[in-house]
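Q: output the structure for:
(2 chains)
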Amino acid sequence: MDETTVRGLLADALTDEPPMGAVTQHALRAGLRIRRRRRLLAAGGTVAALAAVGLSLTIAGPASGHPALPALGPAEHTVYAVDESGGTITPVTPGRGTLGRPIRTGRDVVASAFSPDGKTFYAVSFATGKLTPVDVSAGAAGRSIKVGRGAGAIAITPDGRTAYVANEFSGTVTPVDLAHGTAEPPIRAGAMPRAIVITPDGRTAYVLNQATDNPRRGSVTPVTIATGRPGRPILVGRNPLSMAITPDGKTLLVANNGVGGPGGRPTDDASVTPIAIATNTAGKPIPTGRPYTGSFAFTPDSRTAYLPVFYSDTVITIKLATMTIGKPIRVGASVSAVAITPDGKTAYVVSRGSVTPVDTATGTAGKPIRVPGPALSIVVSPDGRTVYVGSYRPGKLITIPTAANRVSRIVQVGKTGPITVAVGP
Amino acid sequence: MTYATEFAEFASAASPRLRRMAFLLCGNWHTAEDLAQTALAKVFASWPRIRRQDAVDAYATRTLVNTFLADRRLRRSGEILTAQLPERPAGGPAPETRIVVLDALATLPPRSRATVILRYWADLNVDQAAAVLGCSPGTVKSTTARALARLKDVLGSDQATEETDEAWGTRHG
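A: Alright, predicted model coming up:
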């Protein structure tokens, strides 16, 4: 059979193409899936980069649950502004927000993490499927390590020996021996793994799989780090998009998008699934009713979880003691991310064109701080003195001292962004 | 322009193509629409990270093919046809070409089916198809060769029918 014949036959196979209905056309244009009687696969319609942003913050930022540190002397932490699309990492002077010399890595840096000792920064390029180590003191990129297709999430063990990279298109997780800079044989996860977190005790890596054979469920695969063996997947809700471990290390929360409705309208299948880390069992899902949620943030005392709802003015709060929904925080429209100060007193909420400090005790929003462009990344420095915001179109780094709650500096980082801010020890 | 608007423009242009490719992969329009929607929802989810690349189309194609290959039920949607190749009643009307082609495609394993569609319907070259499928160009070549041989086996008799029709057309057209 020659190629021309095959081309002709394939074209023939499409001769009875039915017209696309108006509802379908709308759904396709909006990146949504509509409700249908037969649904084969769940999928997410939200800002995926946030999963990556959330991971950077979870691993390196205040969400890892360090107790409040007294502010002594000059700021002592490492800050990088990561230009996702440009594939560069630029060191930032802590507290001041000025830029050093950019370091080139692969393009589409959608995930990154600091080693626990803060000496190395690891950038994952979605475009090249490679992990690039950056020596923090030398300010130079080392040899890249090939991981897998669609590499989009990273977590590093607390002992700093191994990085786990989730490969969305390979359905695998690649462990990387960081001392030798070599990739080990990939571990089979579920379909389209999107996020990965490691427990503070370093025993288990949890991989978030967007799809399973049950169209109404996603799953989380626990991987025992000592053996590298994946355990039985834990079923979660439909279309899970992000997850995080509470600062006390007891619970893994998974945000399930559900089927999603246009413009962030409430849907009945959006929920948060709590998983008990001690037993690897899923608890009763907490209905949130809100699709298109971003990355979790926590108060350091593990009392409250915050979950921003895109395309809305709302941040959901969850009372972790009872696993029930608390009073939501409402700020300006189009919320995208939340960061909590190390003392747990203030939540900084990014919405379109502004950052709003919110008193966590009362849920009262303070005066919004105007920032340029939409932003997907916000982080509070470990000393609690500085808030960094990464915006896109244009790609800028915005520095806000928490004492003043006013923008002290805006610097251009990349041509377009989005800019992710990563803070390390 | 908000990025939802940017995406809407891209999706309007790309959705007919993705829906057709999905149909060839899975064999029915209903599932194809689901598959195209799923793929575009994923593209939308990743929009901030991909919209500046020139390769948004390639990304969407890759997402569609990977969504198809990642899902056992979707893969099975074609395979079921394999087990149910229609018995053709002797002397009855010749089945429509499109049904014959779909049946033939369904006899191919999912990855081979995807390879043939990428090469000969989406007109990707060997390297581009390899990038979408995440395999080597050599694998694309060998898979293509095997798949074409298989299609020839399955379609052999129907090709004869077509030739007859053409001959008929020549005589009477």
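Q: which SSE is A:Asp301 in?
A: Taking DSSP states H and E as the definition, A:Asp301 sits outside all helices and strands.
Q: how many other residues sit next to B:Pro110?
A: 21 (other CB atoms under 10 Å in any protein chain shown). Where C-beta positions appear, they are placed from N, C-alpha and C, glycine not excepted.
Q: isn't it right up against B:Thr67?
A: No. B:Pro110 is beyond contact range of B:Thr67, at 11.7 Å (criterion: CB atoms under 8 Å).
Q: assign the residue of chain B found nearest chain A to helix, strand or coil.
A: Across chain B, the shortest distance to chain A (CB to the nearest CB) belongs to B:Phe44, at 2.5 Å. Secondary structure, DSSP: H, G, I helix; E, B strand; the rest coil: B:Phe44 is helix.
Q: who in the stretch 51-200 of chain A is up against chain B?
A: A:52, A:84-85, A:107-108, A:110, A:126-127, A:149-150, A:169-171, A:191-192 (CB under 8 Å from any CB of the partner chain).
Q: show only the entries of those found in strands.
A: A:110, A:191-192 (DSSP state E).
Q: of the residues you listed - the most surrounded one?
A: Most neighbours among these, by other CB under 10 Å: A:Val110, with 33 neighbours.
Q: which residues in the stretch 301-425 of chain A form strands?
A: A:304-308, A:314-319, A:324-325, A:329-330, A:335-340, A:346-351, A:354-359, A:369-370, A:375-380, A:386-391, A:395-401, A:409-414, A:419-424 (DSSP state E, counting those that start in this stretch).
Q: please enumerate residues in contact with the second one?
A: Applying CB atoms under 8 Å, 6 or more residues apart in numbering or on different chains, the external contacts of strand A:314-319 come out as A:253, A:272, A:286, A:288, A:290, A:293, A:303-309, A:324-331, A:335, A:338, A:347, A:349, A:358, A:363.
Q: got a pLDDT number for B:Thr164?
A: If you check B:Thr164, the pLDDT there is 36.
Q: an error on my part: the question was meant for A:Gln412.
A: 94.
Q: and it, how many neighbours does it have?
A: By other CB under 10 Å, neighbour count at A:Gln412 equals 12.
Q: what of A:Pro287?
A: When neighbours are counted by other CB under 10 Å, A:Pro287 comes out with 15.
Q: got the contact list for it?
A: Per CB under 8 Å, 6+ apart, neighbours of A:Pro287: A:268, A:270-271, A:325.
Q: just the residues you listed: which are in strands?
A: Going by DSSP E, the strands hold A:271, A:325 from these.
Q: counting neighbours, which of the contacts of A:Pro287 comes out on top?
A: A:Ala270 leads the contacts of A:Pro287 on contacts (other CB under 10 Å) with 27 neighbours.
Q: tell me which element the nearest residue to that residue once chain neighbours are set aside is part of?
A: Among residues not flanking A:Ala270 along the chain, A:Gly258 sits closest, at 3.9 Å (CB to CB, 6 or more residues apart in numbering or on different chains). A:Gly258 is part of no helix or strand when elements are defined by DSSP H and E.
Q: helix, strand or coil for B:Val101?
A: Applying three-state DSSP: B:Val101 is helix.
Q: now for it, how many residues are close by?
A: Neighbour tally, B:Val101, other CB under 10 Å: 24.
Q: tell me the contacts of the residue nearest to A:Pro300 when sequence neighbours are not counted?
A: Spatial nearest neighbour of A:Pro300, excluding adjacent residues (CB to CB, 6+ apart): A:Gly344 at 4.9 Å. The contact partners of A:Gly344, taken as CB under 8 Å, 6+ apart, are A:68, A:299-301, A:360.
Q: please tell me how far A:Gly344 sits from chain B.
A: The spacing between A:Gly344 and chain B, counted by CB to the nearest CB, to the nearest Å, is 29 Å.
Q: over to A:Val355?
A: From A:Val355 over to chain B (counting by CB to the nearest CB), the distance is 18 Å.
Q: again, but for A:Val358
A: 25 Å.
Q: low-confidence ranges, chain B, go.
A: Residues of chain B that meet the criterion pLDDT under 70 lie in B:1-5, B:48-49, B:51-54, B:71-96, B:157-173.
Q: quick one, helices of it?
A: B:3-26, B:29-45, B:47-50, B:56-70, B:72-83, B:97-106, B:110-120, B:126-133, B:137-172 (DSSP state H).
Q: most neighbours per residue, which of these?
A: helix B:29-45 (a mean of 26; mean count of other CB atoms under 10 Å in any protein chain shown).
Q: among the contacts of A:Pro287, which one lies nearest to chain B?
A: A:Ala270 (14.6 Å).
Q: from memory the closest one sits against A:Pro285, does it?
A: No. Using CB under 8 Å, A:Ala270 is not in contact with A:Pro285; the gap is 9.6 Å.
Q: A:Thr105: neighbouring residues, count only.
A: Residues near A:Thr105, counting by other CB under 10 Å: 27.
Q: ok, it - contacts?
A: With CB under 8 Å, 6+ apart, A:Thr105 has these contacts: A:87-89, A:123, A:125, A:132, A:134, A:141, A:144.
Q: how about a markdown table for those, with pLDDT added?
A: Below are the contacts of A:Thr105 laid out as a markdown table (pLDDT from 0 to 100):
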| residue | pLDDT |
| --- | --- |
| A:Gly87 | 87 |
| A:Thr88 | 92 |
| A:Ile89 | 94 |
| A:Ala123 | 96 |
| A:Ser125 | 90 |
| A:Thr132 | 96 |
| A:Val134 | 95 |
| A:Ala141 | 95 |
| A:Ser144 | 96 |
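Q: can I get the residues you listed in TSV including secondary structure and distance to A:Thr386?
A: Shown next, in TSV, are the contacts of A:Thr105 (DSSP: H, G, I helix; E, B strand; the rest coil; distance: CB to CB, whole Å):
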residue	secondary structure	distance to A:Thr386
A:Gly87	coil	25
A:Thr88	strand	22
A:Ile89	strand	19
A:Ala123	strand	22
A:Ser125	strand	28
A:Thr132	strand	26
A:Val134	strand	21
A:Ala141	strand	26
A:Ser144	coil	31
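Q: who wins on neighbours among the residues you listed?
A: Counting by other CB under 10 Å, top hit in those: A:Ala123 with 29 neighbours.
Q: distance check, that residue against A:Ala337.
A: Spatial separation of A:Ala123 from A:Ala337 under the definition CB to CB, to the nearest Å is 20 Å.
Q: go on, A:Thr5?
A: 54 Å.
Q: ok, the two, which is more surrounded?
A: A:Ala337 (28 against 16).
Q: now B:Ala129. Nearest residue, chain neighbours left out?
A: Per CB to CB, 6+ apart, closest to B:Ala129 is B:Leu118, 4.3 Å.
Q: so what's the one you found up against?
A: B:61, B:65, B:124, B:128-129, B:132-133.
Q: try it again with 10 Å
A: B:21, B:24-25, B:61-62, B:65, B:124-126, B:128-133, B:140, B:144 (CB atoms under 10 Å, 6 or more residues apart in numbering or on different chains).
Q: from A:Arg409, how far out is B:Ala145?
A: 60 Å.
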